[in-house]
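1. Sequence and predicted structure, then a few things I'm wondering about:
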Amino acid sequence: MNFTSGAAVSELLSLDHIRNQLIRLEDTIIFLLIERAQFAYNKKIYQPGAFQDELNFSGSWLEWFLFEIESFHAKARRYTSPDEHAFTPLDKLPQPIIKPQSLPSLLHQPAAKHPSVNVNHRILDFYIQQIVPGITSTTRIAKGKAVLEDDGNYGSAATRDVEVLQALSRRIHFGMFVSESKFLEAPHDFIPHILNPNPEALAGLITKPAVEAKLLIRLANKARVYGGEMDADGKVVEVADEEMAARGKIDLATIVSMYKDWVIPLTKDVEVDYLLHRLDDVPQSQIEVWMKGKTA
Ligand SMILES: C=C(O[C@@H]1C=C(C(=O)O)C=C[C@H]1O)C(=O)O
């Protein structure tokens with residue numbers, strides 16, 4: 001997110017505006033998961049070396065897809081933007097073939113670019129270990145028989161995986177904008193726990209249980225509606241949640257637990273890690289101004 005939208009910084013960094021973008025990303029992620037769920041688990045594409053002979057690449061089929069796609073995006077300067085994070089280590093990607101955009105970022109660059117803020121390796125792990133098996137699970141019994149474990153659609157499945165991973169990465173790293181917004185709203189609350197690093201105290205300041213609770217209810221309702229079926233006449237086909245999973249469109253439990261157990265906790269880790277580096281390269285004079293602004 002940068003100044004191209006022309007909106008004022010105060011609007012772009014308002015918590016409501018940022019939260020609305022997070023809500024919008026729920027739709028994107030649910031629909032992309034529905035697309036991935038149309039293919040079998042295809043476990044082989046996540047196994048490092050399973051295509052060693054064909055690819056001459058030591059990683060997995062999916063990691064090869066990520067490398068090739070992110071190499072193209074890197075040439076188009078995608079990763080010069082502080083809010084874009086690659087899954088492939090940057091030193092393995094080509095340099096941009098056009099100059100980085102000269103637009104000022106809404107984020108504090110030293111914090112946004114700090115390696116600890118990039119959690120893509122953790123996103124890839126939970127996605128492969130927990131999410132893909134969940135949404136393509138053989139417990140979805142379609143017409144009385146276990147669904148296929150491997151349908152050979154390795155290219156389609158990996159293409160969908162990359163789309164989901166990039167959407168999850170964008171959503172989770174949006175935590176940087178949330179933190180910048182919360183920090184600028186009350187810098188004096190955060191500064192003592194940054195100068196004397198206290199991740200637990202920072203986590204307590206950024207955590208909003210009511211927002212999280214509403215999100216999980218909204219997410220289940222969205223997944224139920226988006227994963228629903230209509231007959232040829234456009235009439236909604238009412239099915240129980242369990243039946244929906246069996247029909248193979250999407251598994252509601254997996255989507256809700258993904259946010260509860262992974263997306264929200266990782267977003268908060270990004271928020272805290274960003275805050276821990278929010279004062280990097282900030283002059284002492286500015287810190288004093290922020291602390292003076294403290295309400296009596
Ligand atoms: C994103 C925010 O920060 C935290 C993370 C949330 C999430 O990942 O959905 C929701 C509320 C907060 O606990 C926020 O305050 O909106």
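-> Right, received. Where do you want to start?
2. Residues of the protein that sit close to the ligand?
-> Listed as neighbours of the ligand in the chain under the rule C-beta under 6 Å from any ligand atom: 19, 178, 206-208, 211-212, 215, 264, 267-268, 271. For every residue, glycine as well, the C-beta is placed using N, CA and C.
3. Apply the buried test to the residues you listed and list what passes.
-> The neighbour-count criterion (16 or more other C-beta atoms under 10 Å) marks 19, 178, 206, 215, 264, 267-268, 271 among these as buried.
4. In helices, which of these appear?
-> In this view, those that belong to helices under DSSP state H are 19, 178, 206, 215, 264, 267-268, 271.
5. hmm, back to that, mind putting the residues of the chain next to the ligand into TSV with pLDDT?
-> Formatted as TSV, the residues of the chain next to the ligand follow (pLDDT from 0 to 100):
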residue	pLDDT
Arg19	97
Val178	98
Ile206	98
Thr207	98
Lys208	98
Val211	97
Glu212	98
Leu215	97
Ile264	98
Thr267	98
Lys268	98
Glu271	98
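6. lowest average confidence, helix or strand, in the protein?
-> Sorting the helices and strands of the chain by mean pLDDT, DSSP states H and E puts strand 141-142 at the bottom, at a mean of 53.
7. pLDDT wise, what is the nearest residue to Val9 once chain neighbours are set aside at?
-> Spatially, and ignoring its direct neighbours in sequence, Val9 is nearest to Leu106 (6.4 Å; C-beta to C-beta, 6 or more residues apart in numbering). At Leu106, the pLDDT value in this model is 92.
8. Quick check on Leu106: phi, psi?
-> Torsion angles at Leu106 (phi, psi; degrees, to the nearest 10) stand at phi -80, psi -10.
9. Make sure it is actually in contact with Ser179.
-> No: between Leu106 and Ser179 there is no contact under C-beta atoms under 8 Å: 11.3 Å.
10. how many other residues sit next to Phe120?
-> To be clear, residue 120 is Asn; Phe isn't right here. Counted with other C-beta atoms under 10 Å, residues neighbouring Asn120 total 20.
11. residue contacts, it?
-> Residues counted as contacts of Asn120 (C-beta atoms under 8 Å, 6 or more residues apart in numbering) are 85-87, 165, 169.
12. Same list (those) but as CSV, adding pLDDT, neighbour count and secondary structure.
-> Shown next, in CSV, are the contacts of Asn120 (pLDDT from 0 to 100; neighbours: other C-beta atoms under 10 Å; DSSP: H, G, I helix; E, B strand; the rest coil):
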residue, pLDDT, neighbour count, secondary structure
His85, 93, 23, coil
Ala86, 95, 21, coil
Phe87, 97, 20, coil
Leu165, 98, 21, helix
Ser169, 98, 21, helix
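13. ok, so of the residues you listed, who is nearest the ligand?
-> For these, the residue nearest the ligand by C-beta to the nearest ligand atom is Ser169; the value is 13.6 Å.
14. follow-up on the earlier one: of Leu106 and Ser179, which one has the most company?
-> Regarding Leu106 and Ser179, a neighbour count based on other C-beta under 10 Å identifies Ser179 as having more, with 30 against 20.
15. Which neighbouring residues are in contact with that one, exactly?
-> By C-beta under 8 Å, 6+ apart, the residues touching Ser179 are 206, 270-272, 274-275, 278.
16. quick one: which of those residues is most hemmed in?
-> Busiest of the contacts of Ser179 [other C-beta under 10 Å] is Leu275, holding 28 neighbours.
17. I figured that one hits Ala203, correct?
-> No: in this structure Leu275 lies outside contact range of Ala203 using C-beta under 8 Å: 9.3 Å.
18. For the two, list the residues in contact with both.
-> With C-beta under 8 Å, 6+ apart, Leu275 and Ala203 have no common neighbours.
19. tell me the pLDDT at the closest residue to Gly152 other than its chain neighbours?
-> Closest residue in space to Gly152, ignoring its immediate chain neighbours: Asn42 at 7.6 Å, by C-beta to C-beta, 6+ apart. Looking at Asn42, its pLDDT is 96.
20. Convert the C-alpha atoms of stretch 168-181 to CSV, please.
-> C-alpha atoms of stretch 168-181 as CSV (Å, rounded to 0.1, in the frame of the first residue of the first chain):
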residue,chain,number,x,y,z
LEU,A,168,-1.9,-15.3,2.9
SER,A,169,1.4,-13.6,2.9
ARG,A,170,-0.2,-10.3,2.0
ARG,A,171,-2.8,-10.7,4.7
ILE,A,172,-0.4,-11.6,7.5
HIS,A,173,2.2,-9.0,6.6
PHE,A,174,-0.6,-6.4,6.6
GLY,A,175,0.2,-6.6,10.3
MET,A,176,2.9,-4.0,9.6
PHE,A,177,0.3,-1.4,8.5
VAL,A,178,-1.8,-2.3,11.6
SER,A,179,1.3,-1.7,13.8
GLU,A,180,2.2,1.5,12.2
SER,A,181,-1.3,2.8,12.7
